[in-house]
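*Asks:* heads up, no residue letters with this:
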DNA sequence: CTAGAATGCGTTAACGATCACGCGAAAACG
DNA sequence: CGTTTTCGCGTGATCGTTAACGCATTCTAG
């Protein structure tokens, strides 16, 4: 199960190599290589002998050695919002990418960042075109701007693309790395129900075109369908960035109270508006451990934050691309991040994570 | 920040190599190697030139190439309970180890399992001695038997040891990979409070000598200290495996009801005893998504399971050992697993995880 | 004063895989 | 029948690192 593989010389351990195959098939390593990569110039009879040996020895190539031999540097493009947007959320993702990069630098990986303004589709298009012009070997994409992201992916042709921190359904990407938004919505529903068994409940969605955010809300709604009770009001703001508009709407909301589920990181706005000087506490659940939300947790203005572990996401995304492009391994189309629940009592654990201690891979 | 490092020839990308250093220091690669590994036979002046070049070019060795060159197989011993114990919990850990192994087989890693009976210290000692006799290059240890584990670690001398799925505090191990038991206890406290704001609360600890379990309880207690209310009764069973004794005690418990926090995987026993045919539902929170607990979640006999993601833990543990022994990288003394919260509504997501989809690294 | 040891350093063969190159023999062509 | 093309295959360089080996010097000892 673990130690031995088929091997020619006894006494040596480990996976079979091209040399082992060559010996067994009575050919040279060059011939083995040509057969393995079907580069022609080999007789049918010889090729069959080689394939037989490959099967008998259960050969699988040493991808590291392959890579060492090719020694061809791969450059990946990263298309994501500017680091300073969303209260530094993206900076954490970048720190994960850089952590992976420092490990992968010796594996011939380099990256190039293409940032865009998260509230401006034109800015996205511009960065996307620069990226496309750069002829890179792979792309990491944060699809916060849904429509243009879809447009971008369709232009990618053969360049492998890993989507992280979001989702572009039915698009032809190599892999999607994110939290299951539906499941996180389910959990939020449960939390809301426990915090406030009576309800009613309110969801706040800002930028409702985003698939990710819609799924979170759907999960929340689904929980109360399963539970068989709970009235839910939905609250939508299509425009991103209109904080004044949001505040005005929130003031209206004050009149019809209920526990609130905010499907993105702007929960702190809702928390401050509803709980800052209110007599009765409104339970609030939001996303992403940005400083503003952490502060709200600390002071009790907010109850739960569902964290996406952006650092781990960045780390894993770059690795997924590496596995595919450099190692040519199969990459799962979907890699799930755990749902990370933060409240006042365990806040310190989470603020330290990713800096002091190593993130579990 | 990302692409270029110091490099001799322009046009080539990537980290500096020994050749680059040799060129700059006007010596051969052999000399560079001797300096880097302080194998002597180099004059002080030359050594200094080499170190200067190393610093200027910001050299760091390509660990993969190093490993390729040494090509020395490392065998790691794994000391853990028998796969079939604890309702197959350990089998999941093994699947994670095997997943890592299949990736690391080409990196000269092999493993050897040494199983023991989780309820029998003598069985542990026997397996431990076999392991020690085998002269391995590293050890993975699941310290479910606390005292003998500590004894074992002290005998290890120079063999690096990674502890997973538990903890042996103040012991000299390379790294400990686990969930933060205190934090998980905090979260359990919050959940218990939300499920049942009045209390009282009961903790059930089976095998109270286990540091891991004690910390979970301490976290739970701490939450209610922070919250400033909540009466907690503690319930201990020192002997592991005495299910009959446990059942009898649980029947006594029926008379003084309260929400229950079970600090290990035996929560399903408590759930069946208290909730199976009871008029009023007692909230129950336990650990580990073994089939029995999953069934209790499904039927509503239990409310929450805190999962430790054993598959991911196994995967990460072997990798940590690999990083240290083979790559000679620094390994963090503590690697945290996320706290994975399972309830009826998201149960299916968790049962599929680790089989259908890839575990995020 | 010279044999032998110790020092300082370069050369080179691995490790596993890739790929350009080239050689001989057979096949195709005039 | 002689020449070119194609086929089938082996050789060897390469990637970055390690480590054994060997060759000059210089130093020590008898």
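*Replies:* Perfect, thanks for sending it. What you are looking at is a predicted structure, and each value in this text was computed from that prediction instead of being measured.
*Asks:* in chain A, which spans are strands?
*Replies:* Using DSSP state E, the strands of chain A run over A:74-81, A:109-116, A:138-141, A:161-164, A:175-179, A:201-206, A:232-237, A:259-262, A:284-287, A:304-307, A:334-337, A:340-342, A:358-359.
*Asks:* make TSV from these and add mean neighbour count, distance to chain B and mean pLDDT to it.
*Replies:* C-beta here means a position set from N, CA and C on the backbone, and glycine is covered the same way. Formatted as TSV, the strands of chain A follow (neighbours: other C-beta atoms under 10 Å in any protein chain shown; distance: least, C-beta to the nearest C-beta, whole Å; pLDDT from 0 to 100):
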stretch	mean neighbour count	distance to chain B	mean pLDDT
strand A:74-81	23	7	96
strand A:109-116	21	4	96
strand A:138-141	25	13	97
strand A:161-164	26	11	97
strand A:175-179	24	7	94
strand A:201-206	24	15	90
strand A:232-237	16	15	86
strand A:259-262	28	12	94
strand A:284-287	28	12	97
strand A:304-307	24	9	97
strand A:334-337	20	5	89
strand A:340-342	22	6	94
strand A:358-359	20	4	44
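*Asks:* figure out which of the ones you listed is closest to residue B:217.
*Replies:* With distances scored as C-beta to C-beta, the stretch of the strands of chain A nearest to residue B:217 is strand A:340-342 (19.8 Å).
*Asks:* quick one: low-confidence parts of chain A?
*Replies:* A:1-13, A:238-243, A:256, A:353-361 (pLDDT under 70).
*Asks:* tell me the residues of it that contact DNA strand D?
*Replies:* Contact residues, chain A versus DNA strand D (C-beta under 7 Å from any atom of the strand): A:26-31, A:34, A:40-43, A:45-47, A:65, A:68-69, A:71.
*Asks:* pull out the buried members of the residues you listed.
*Replies:* Buried by 16 or more other C-beta atoms under 10 Å in any protein chain shown: A:27, A:31, A:34, A:42, A:46-47, A:68, out of these.
*Asks:* would you reformat the residues you listed as CSV and include distance to residue A:261?
*Replies:* What follows is those, written out as CSV (distance: C-beta to C-beta, whole Å):
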residue, distance to residue A:261
A:27, 65
A:31, 63
A:34, 60
A:42, 63
A:46, 65
A:47, 61
A:68, 50
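*Asks:* got these as TSV, with distance to chain B columns?
*Replies:* Conversion of these to TSV gives the following (distance: C-beta to the nearest C-beta, whole Å):
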residue	distance to chain B
A:27	23
A:31	22
A:34	22
A:42	25
A:46	26
A:47	24
A:68	6
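*Asks:* among those, which ones are in helices?
*Replies:* A:31, A:34, A:46-47, A:68 (DSSP state H).
*Asks:* picking that back up, restrict the buried ones among the residues of chain A next to DNA strand D to those near DNA strand C?
*Replies:* Near DNA strand C, by the rule C-beta under 7 Å from any atom of the strand, you find residue A:68 out of those.
*Asks:* just checking, residue A:224 touches residue A:232?
*Replies:* Yes - Residue A:224 lies in contact with residue A:232 (C-beta atoms under 8 Å); the separation is 6.1 Å.
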